[in-house]
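1. Structure for this input, please:
(one chain, ligands or ions: 1)
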Amino acid sequence: MSDDLLRIEGVSKTYKGGVVALHPVDLAIRRGEIFALLGPNGAGKTTLISIVCGIVVPSAGRILVDGEDAVVNYRQVRRRVGLVPQELSTDAFESVLATVTFSRRLFGRSGHSAYIEELLRDLSLWDKRDAKIKDLSGGMKRRVLIAKALAHEPDLLFLDEPSAGVDVSLRRDMWKLVHRLRERGVTIILTTHYIEEAEEMADRVGVISRGKLLLVDDKAALMKKLGKRELDLTLVEPLAAVPTELAEWHPTIENGGHTLRYVFDATEERTGIPSFLRRLGELGIAFKDLETSKSSLEDIFVDLVGDAK
Ligand SMILES: Nc1ncnc2c1ncn2[C@@H]1O[C@H](COP(=O)(O)OP(=O)(O)OP(=O)(O)O)[C@@H](O)[C@H]1O
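-> The predicted model follows:
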């Protein structure tokens, strides 16, 4: 048995009208991992997971789930996959219990009431089991979407933007559920544009931008890359150039010489800031203000895209 549950090989997508949503993507997802696909709006995240779930037809490439081709053996593969989409589209007049049981039967599973009950309890939906979906709050509807996706006990679960429009309590419940599912051996792929979400949940992270998978890395390694911070010092007297005595910190001069910028790694125990400030003092370089900022996701993407060229 291979370690990879899912293999995406050269998968690309050009929509009718010519929008290239995905350039050829190669990606292997390991059995039992939580993988976060991180990218800004329109990056191609939904397109990629919709292709794996058989909702969107790829323009090229192939998808293997446990070695089985997801297009050729669509039915077998689809039974193993659960998808929590961003929005609920149907079932408004059904009850919670009926719609979740229906989702289970759709994939040829018997109406295993003990499993469904546990699932609805896990999602705080058991008390609402007889309520019609149209009468639920937005957050409860999201919970129903998760229950529907899990109803047939998939071993590969996709969560599309699980945090979009979700309150803190549902987000926390969802993260707990995701960790519990992983303990049961479910492999999970989620899309997000929140670094925090990737950080909280994922074992590995893939960064996607403009239809290109720019990098795939263990979370710890990626967070190190994303953990850059800038220290900006507003100087009393402008500098024409970086003094050679400061070379080891590689600072830059910004703002016409009025700002001295030092980029440091916030995830390191030793940031280099105390020694940098001490050296400035020794050199008699005075500053009147000091500010730190985190590199924004956009900066990081720009960096990554730049590196990828
Ligand atoms: N059915 C479609 N027809 C034409 N273009 C589409 C279609 N679906 C998506 N696109 C385009 O493909 C690109 C990728 O969209 P996709 O929804 O996959 O991105 P995303 O990363 O999931 O974004 P978001 O975070 O906003 O959901 C976008 O430019 C989008 O406008």
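2. how many neighbours does Ile285 have?
-> 18 (other Cβ atoms under 10 Å). Heads up, the C-betas are built off the backbone N, CA and C, glycines and all.
3. Asp265 now?
-> 14.
4. Pull the contacting residues for the closest residue to it other than its chain neighbours.
-> Of all residues not flanking Asp265 in the chain, Gly227 sits nearest, at 5.7 Å (Cβ to Cβ, 6 or more residues apart in numbering). By Cβ atoms under 8 Å, 6 or more residues apart in numbering, the residues touching Gly227 are Asp265, Ala266, Thr267.
5. Kindly state the pLDDT recorded for Val96?
-> Looking at Val96, its pLDDT is 90.
6. Now do stretch 243-250, average pLDDT.
-> Mean per-residue pLDDT for stretch 243-250: 93.
7. any residues touching it, and which ones?
-> Tyr262, Val263, Gly272, Ser275, Phe276, Arg279, Leu280, Leu283, Ile285.
8. Over to stretch 185-203?
-> Contacts for stretch 185-203 (Cβ under 8 Å, 6+ apart): 5-6, 29-41, 45-46, 49, 154-163, 175, 178-179, 181-182, 205, 218-219, 222-223, 226, 297.
9. For the stretch 151-300 of the chain, which residues are neighbours of the ligand?
-> His193 (Cβ under 6 Å from any ligand atom).
10. switch to 8 Å and redo it
-> Asp160, Glu161, Thr191, His193, Ile208, Gly211 (Cβ under 8 Å from any ligand atom).
11. Glu291: what secondary structure?
-> Assigned by DSSP: H, G, I helix; E, B strand; the rest coil, the conformation of Glu291 is strand.
12. ok, for it, nearest residue in space, not its chain neighbours?
-> Closest residue to Glu291 apart from its sequence neighbours, by Cβ to Cβ, 6+ apart: Asp232 at 4.8 Å.
13. Burial check on the one you found, number of neighbours?
-> 17.
14. show me the contacts for it.
-> With contact set as Cβ under 8 Å, 6+ apart, Asp232 has these partners: Glu254, Thr259, Leu260, Arg261, Leu290, Glu291, Thr292, Ser293.
15. One more: Ile146?
-> Ile146 makes contact with Val84, Leu123, Leu159, Met174, Leu177, according to Cβ under 8 Å, 6+ apart.
16. quick one: which of the contacts of Gly227 sit in strands?
-> Asp265 (DSSP state E).
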